[in-house]
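Visitor: Structure for this input, please:
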Amino acid sequence: MDATRLIQRTLSGLASGPASGPNASKPASAYRPAASQQDQVTDIEVKRQATPDTAANDPRGSKSHASTPASSVAGVLKDVIKDTLQDTLFAGLSPLSPPLSPPLAPHAAPHAAPTAFEPEQPPAPPETIKPAAPPATVRPSAFTGGLTQFKGDQYPYHLYVPASPKTPDAAISGSAQIRMPLIVMLHGCKQNALDFANGTAMNTLADQHQVMVLYPEQLSKANSGRCWNWFEPTHQTRSGEPGMIAALTRKVAAASYGDVQIDTDRIYIAGLSAGGAMAAVTAGLYPELFAAMGVHSGLPAGAATNMLAAFSAMRRGSEGQAASAMPTIVFHGSADKTVHPDNGDNVTEAALAALNASGLELEKSEQAVRTKGERAAQRTTWRDASGKPYAEHWSVQAAPHAWSGGDASGSYTDPDGPSASEAMLGFFLQHKRG
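Guide: Numbers count the residues shown, from 1 in each chain. Reported below is the predicted structural model:
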């Protein structure tokens, strides 16, 4: 009945309406067949832009057929019937599939609900939609080499800057830069920086904890075996190799690496064998630079003052000299035939003497450590009243002269031992200078 009344009203309007007007040459209705793709887009745009103020002035924006000539009655009647049936029978239903018409030109009009014959409008164009925040940029890691000059010689080094920012061990400064700790790693005899990096796998841990790693390299002209000259008096002072290592460390620490800079209160030094002995010497000479040190299969500072004394200390052990009051972690294999295990004990005892002299009261605890597939180890720790460790000694049972828990891709590694890299990094990150 509603459809019949609407048809009657429409026919009545057609009979009395004028035969001329602005749209006399083309019929107007709620749906106007498109003559071309562009016409279709334009027509739909006008519908979406129509408002109560403009609809009255737009002959295509109204359902009135007052201006339609009588000659088009049949076509209009067909459209009206079709329109009415669609509105009556299928009100509120959406098309079963997306419209096949081309995308609409972008505009700022509100999105009106589609009529039965108007294609459902697509979402607003991308430029009008606020994009979601992109995922945090993952900065790729970088392992680069360089040269540093010291007393006329060019010393090579490698520096590792980890990937992905913002993990718990990296701090954010007031300028929104990421401030990372730095570990200086000194290789042993017959090694170089890349070999040592591979064997310790420290770069892998650096990614996990957001730590930068510096690998200075000894010159073959300074020592034919590429050993650090820890036993020579010249290189037990700030004017020798310790001075080069400290100068390179400061140079790297002063630089900026994009959004990263080094936290100068969290710089640490560690080494293997001759590198461990040189780490002890350098840390003792520069307590204002380093926050903690690690010695793996090395000797205490001052253990020898010439090559013969060095071989003797390596075979039998040497007490060395007084150390600075610096947090110290030591690893040594009980079956080391190159550097006697007593040297590891002596490094620990020298550190404890200095720490106790500084006023710290430390409590000793012991722990047997064994993980499936690994060598057993005895871990002895000295902590303050809060539980913070200031000295730690790992005696790895039946281990040779090699980096405990190291990667077989590097030389002088013992993959079967507990990870010295993990233990040292965990120890270091509990300390900061000052």
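Visitor: Which parts of the stretch 151-300 of the chain are strands?
Guide: 153-161, 171-172, 178-186, 212-216, 256-257, 260-272, 292-296 (DSSP state E, counting those that start in this stretch).
Visitor: Please point out which parts of stretch 224-234 sit buried.
Guide: Across stretch 224-234, burial judged by 16 or more other C-beta atoms under 10 Å covers 226-232. C-beta: built from backbone N, CA, C; applies to glycine.
Visitor: quick one: contacts for the closest residue in space to Gly298 that isn't next to it in sequence?
Guide: Spatially, and ignoring its direct neighbours in sequence, Gly298 is nearest to Gly276 (2.3 Å; C-beta to C-beta, 6 or more residues apart in numbering). Neighbour list for Gly276: 186, 188, 270, 294-299 [criterion: C-beta atoms under 8 Å, 6 or more residues apart in numbering].
Visitor: now with 10 Å?
Guide: Residues near Gly276 by C-beta atoms under 10 Å, 6 or more residues apart in numbering: 186, 188, 228, 230, 269-270, 293-300, 330-332, 339, 343-344, 347.
Visitor: Give me whichever of the strands of the stretch 151-300 of the chain is most buried.
Guide: strand 292-296 (a mean of 30; mean count of other C-beta atoms under 10 Å).
Visitor: mean confidence score for that strand?
Guide: On average, the pLDDT along strand 292-296 is 99.
Visitor: Equivalent analysis for stretch 300-308, please.
Guide: Here the average pLDDT along stretch 300-308 is 97.
Visitor: re earlier: make TSV from the buried residues of stretch 224-234 and add pLDDT and distance to Gly258 to it.
Guide: Shown next, in TSV, are these (pLDDT from 0 to 100; distance: C-beta to C-beta, whole Å):
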residue	pLDDT	distance to Gly258
Arg226	98	32
Cys227	99	36
Trp228	99	32
Asn229	99	36
Trp230	98	36
Phe231	98	40
Glu232	98	39
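Visitor: Let me have those residues in CSV, adding distance to Ser409 as columns.
Guide: Output for the buried residues of stretch 224-234, formatted as CSV (distance: C-beta to C-beta, whole Å):
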residue, distance to Ser409
Arg226, 19
Cys227, 22
Trp228, 23
Asn229, 28
Trp230, 26
Phe231, 30
Glu232, 32
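Visitor: which of these lies closest to Ala283?
Guide: Closest approach between these and Ala283, by C-beta to C-beta: Trp230, at 12.0 Å.
Visitor: Okay, the closest residue to that closest one other than its chain neighbours and Arg179: tell me how far apart.
Guide: Closest residue to Trp230 apart from its sequence neighbours, by C-beta to C-beta, 6+ apart: Ala277 at 3.9 Å. Distance from Ala277 to Arg179, counting by C-beta to C-beta, to the nearest Å: 30 Å.
Visitor: residue ranges with poor pLDDT in the chain?
Guide: 1-138, 164-176 (pLDDT under 70).
Visitor: can you list the domains in it?
Guide: 2-128, 142-428 (automatic domain parsing).
Visitor: how about Gln236, what does it touch?
Guide: 229-230, 242, 278, 281-282, 284-285, 301-302, 304-305, 321 are the contacts of Gln236 under C-beta under 10 Å, 6+ apart.
Visitor: sec struct for the residue lying closest to Gln321 once chain neighbours are set aside, please.
Guide: Spatial nearest neighbour of Gln321, chain neighbours left out: Gly302 (3.2 Å); criterion: C-beta to C-beta, 6+ apart. Classification of Gly302 by DSSP: H, G, I helix; E, B strand; the rest coil places it in coil.
Visitor: Contact partners for Gly302?
Guide: 230-231, 233, 236, 277, 280-281, 284, 313, 318-323, 350.
Visitor: Would you agree Glu363 is in contact with Trp382?
Guide: Yes - counting by C-beta atoms under 10 Å, Glu363 touches Trp382, with 6.9 Å between them.
Visitor: quick one on the thing from earlier: burial check on the residue nearest to Trp230, number of neighbours?
Guide: Using other C-beta atoms under 10 Å, Ala277 has 34 neighbouring residues.
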